[in-house]
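Trainee: need coordinates for the following:
(one chain, ligands or ions: 1)
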Amino acid sequence: MSIEIDHVNKHFRDFVAVDNVSLTFREGELTALLGPSGSGKTTLLRIVAGLEQPDTGRIRFHGEDTTDLHVSQRGVGFVFQHYALFKHMTVFQNVAYGLTVRPRRNRPSKAEITRKVMELLSLVQLDWTAHRYPHQLSGGQRQRIALARALAVEPKVLLLDEPFGALDAKVRAELRRWLRRLHDEIHVTSIFVTHDQEEALEVSDRVVVMNQGRVEQDSSPEEVYDHPANPFVYRFLGNVNLFHARVHDGVARIGDVALPAPEFEGYQNEQGQAYVRPHEIEVFADRNHQGALRAKVELVSVVGPTVRLELRTDNSEDLVHAELPKHRFRALGLTQGGNAWIRPIHSRVFLPDSRVANG
Ligand SMILES: Nc1ncnc2c1ncn2[C@@H]1O[C@H](COP(=O)(O)OP(=O)(O)OP(=O)(O)O)[C@@H](O)[C@H]1O
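Mentor: Alright, predicted model coming up:
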């Protein structure tokens, strides 16, 4: 079931929560809606679900206009961050709930419900918890049961709003890999709201980046990370260093370093900003590298196999963040408080009016 959001607007008093958004979610795809708090992700998801009405614009499921359909008629399944299971019901009863409350004529037989619930519980790998109560499960297990419950009614569309938001980092990471594998099995069109860029990049087929109610970028996870559409997306998807750059005839110059910027072929002497990720900064222990800038190592932090450095160049107020493998750091013999030489090896330049190119 594909979903189409067509020129949707939503205001709360004079606050614009969703600003003229048009998106198409393809059948069977898992899409992440990614953005900072307050960017309108949840509001958009609620509009798709039918829990909220848009001021203007239409929602279509598989080409059919559902804008005025009640939530119960849209065939959507939900999992929310705090989607509490019914405490007084066992896991089995929770998952069976959506089927047992159906009117008699649509209700499957008892045997059929049992078969279906057990099938779903084994899909989420929790069939052994069928007779437990929610308080006897971990947070991660509860969210998997919430997902099984959402799937029990065979939704055409699955909507997940920060489903792992309340869990600790390790469980979160495990569950998102699990969700990816599960989605590969069931292929239901799914929209997943998150403000965690790593989660979005790892789980989804497609990432929609939102900011202030608008869509900033709509592409594959690789594209969003490797080719951010604008400075907002660049900053939102991880740490970044900014350098002044002069763009001239397909070349971006950061100090004495010249980096190819073929998209700026034909541009003359434009001033822009070069965005350089910490792992795109080369670090040396000596000065014999063309164009390298001298910097003082202000902070060294070791994070597992990676070393993060904070450096200050002679003529910059801003710190430069660099990241390198621990073995490389050791081989260089750098020390906190000592000198280093740094050189950007890749950048993406944005001109002040947001004209874009790769370096
Ligand atoms: N019912 C409401 N009444 C008034 N303002 C609302 C209402 N619902 C949402 N908003 C506002 O609309 C904006 C967008 O909210 P929304 O929940 O969609 O953002 P979000 O991107 O999902 O953020 P978060 O990640 O914090 O949940 C917020 O500023 C919020 O305060």
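Trainee: and stretch 266-286, which residues are buried?
Mentor: 267, 272-283 (16 or more other C-beta atoms under 10 Å). Just so you know, the C-beta spots here come from the backbone N, C-alpha and C atoms, and that holds for glycine as well.
Trainee: likewise for stretch 174-187?
Mentor: Those would be 175-176, 178-179, 182-183, for stretch 174-187 by 16+ other C-beta under 10 Å.
Trainee: next one: stretch 205-220
Mentor: 205-211, 213-219.
Trainee: show me these that map onto helices.
Mentor: Using DSSP state H, no member of the buried residues of stretch 205-220 sits in helices.
Trainee: including distance to Asp249 and pLDDT, could the residues you listed go into JSON lines?
Mentor: Shown next, in JSON lines, are the buried residues of stretch 205-220 (distance: C-beta to C-beta, whole Å; pLDDT from 0 to 100):
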{"residue": "Asp205", "distance to Asp249": "38", "pLDDT": "94"}
{"residue": "Arg206", "distance to Asp249": "36", "pLDDT": "96"}
{"residue": "Val207", "distance to Asp249": "34", "pLDDT": "97"}
{"residue": "Val208", "distance to Asp249": "35", "pLDDT": "97"}
{"residue": "Val209", "distance to Asp249": "31", "pLDDT": "97"}
{"residue": "Met210", "distance to Asp249": "36", "pLDDT": "97"}
{"residue": "Asn211", "distance to Asp249": "33", "pLDDT": "96"}
{"residue": "Gly213", "distance to Asp249": "39", "pLDDT": "96"}
{"residue": "Arg214", "distance to Asp249": "34", "pLDDT": "97"}
{"residue": "Val215", "distance to Asp249": "33", "pLDDT": "97"}
{"residue": "Glu216", "distance to Asp249": "29", "pLDDT": "96"}
{"residue": "Gln217", "distance to Asp249": "28", "pLDDT": "97"}
{"residue": "Asp218", "distance to Asp249": "32", "pLDDT": "97"}
{"residue": "Ser219", "distance to Asp249": "29", "pLDDT": "96"}
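Trainee: which pair of the residues you listed spans the longest distance?
Mentor: Greatest spatial distance among these (C-beta to C-beta): Asp205 and Gly213, at 23.7 Å.
Trainee: could you give the number of residues near the residue of the stretch 151-300 of the chain found nearest the ligand?
Mentor: Of all residues in the stretch 151-300 of the chain, the one sitting closest to the ligand is His195 (4.9 Å; C-beta to the nearest ligand atom). His195 sits with 18 neighbouring residues when counted by other C-beta atoms under 10 Å.
Trainee: ok, now which ones touch it?
Mentor: When contacts are counted by C-beta atoms under 8 Å, 6 or more residues apart in numbering, His195 touches 34-37, 41, 162.
Trainee: tell me where the protein has helices.
Mentor: Under DSSP H, the chain gives helices at 41-49, 91-100, 110-123, 139-152, 169-186, 197-203, 221-226, 231-236, 326-332.
Trainee: nearest to Thr66, out of those helices?
Mentor: The nearest among the helices of the chain, by C-beta to C-beta, is helix 41-49 at 8.8 Å.
Trainee: domains in the protein, by residue range?
Mentor: Per automatic domain parsing, the structural domains of the chain span 3-236, 241-358.
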